[in-house]
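# Any chance you could fold what I've pasted below:
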Amino acid sequence: MTPPTVTTDLLAYNFNLDTPDLASLLGRGRPVDHLGQSFMHDLAREGDVLSAEALFDAGLDIDRADDEGRRPLHEAAFSGKLGMVQFLLSAGAVLDAPIHPFGYTALFYAVQQGHADVVRFLIAQGARLDVTERLTGQGLLHVAAARGDMQLAGILIAAGIGTLTEDGRGQTARDHAARGNHKALERVLLKVMQHHAVYGGV
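Coordinates of the predicted model:
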């Protein structure tokens, strides 16, 4: 018999959680991949909230970390699956869990991939804004600026992120925007930095 796919197995089994093959997918004998990722990681990448809810109710761990500390919430945020992000957090996922060795959080991934709706939601849930990549020292605003993403930069600044913060090479977000030739964003960041320098701010 052809093994069920991630996207079809629950429908094929009609949510019969007593089916032996599906039981193995719940972690009772199902082999994990070479990084130690679980079935919930797969569902998180796909944004399959219905299946995730059914398996969570059946006892599947929704916050299991793989060998690098990457959790289903990281996968959902990286893939821009807002509904899945909302479900995982409501089910008890750790909001600011870091991935080894760079310290990426779900919010860092959402900014990196340009998922503004996920970024807004994670910030509203209290996600840390001061997370930085451990190797380069780059923070969220550096990442948004390097992308030339005016919308994300605006969301982060409105949330209170530091605009004067330097990365490990002494570069501000404005420097990253300039290096990427994102002139409009560079001008905006310069104005905000000047305002903070005169009236206070970070």
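
# any idea which residue sits dead centre in this protein?
Per C-alpha atoms, centre = their mean, the C-alpha nearest to the average position across the chain is that of Ala106, at 2.6 Å.

# so what's that one closest to, chain neighbours aside?
Nearest in space to Ala106, with sequence neighbours left out and distances taken as C-beta to C-beta, 6 or more residues apart in numbering, is Ala77 at 3.8 Å. In short, each C-beta sits where N, CA and C put it, glycine included.

# which residues sit in contact with that neighbour?
Shown in contact with Ala77 (C-beta atoms under 8 Å, 6 or more residues apart in numbering): 85, 106-107, 109-110, 113, 115, 118, 122.

# now do Val49
Val49 neighbours (C-beta under 8 Å, 6+ apart): 83-84, 87.

# Select from the residues you listed the one having the most neighbours.
Met84 (27 neighbours; other C-beta atoms under 10 Å).

# which residues touch it?
Residues near Met84 by C-beta under 8 Å, 6+ apart: 43-44, 47-49, 52, 72, 76.

# Go through the contacts of Val49 and say which is closest to Gln151.
Comparing the contacts of Val49 against Gln151 with C-beta to C-beta places Gly83 closest, at 20.5 Å.

# Surely that closest one is within a helix?
Yes - under DSSP: H, G, I helix; E, B strand; the rest coil, Gly83 falls within a helix.

# got the CA coordinates for the longest helix anywhere in the chain in CSV?
In the chain, assigned by DSSP state H, the helix with the most residues is helix 183-199. The C-alpha trace of helix 183-199 is given here as CSV (Å, rounded to 0.1, in the frame of the first residue of the first chain):
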residue,chain,number,x,y,z
LYS,A,183,16.8,54.7,-1.0
ALA,A,184,13.2,55.4,0.2
LEU,A,185,13.6,53.2,3.2
GLU,A,186,17.0,54.7,3.9
ARG,A,187,15.5,58.2,4.0
VAL,A,188,12.7,57.1,6.4
LEU,A,189,15.1,55.4,8.7
LEU,A,190,17.4,58.4,8.8
LYS,A,191,14.5,60.7,9.7
VAL,A,192,13.4,58.4,12.5
MET,A,193,16.9,58.1,13.8
GLN,A,194,17.3,61.9,13.8
HIS,A,195,14.0,62.2,15.7
HIS,A,196,15.1,59.7,18.3
ALA,A,197,18.5,61.4,18.6
VAL,A,198,16.8,64.8,19.4
TYR,A,199,13.7,63.7,21.3
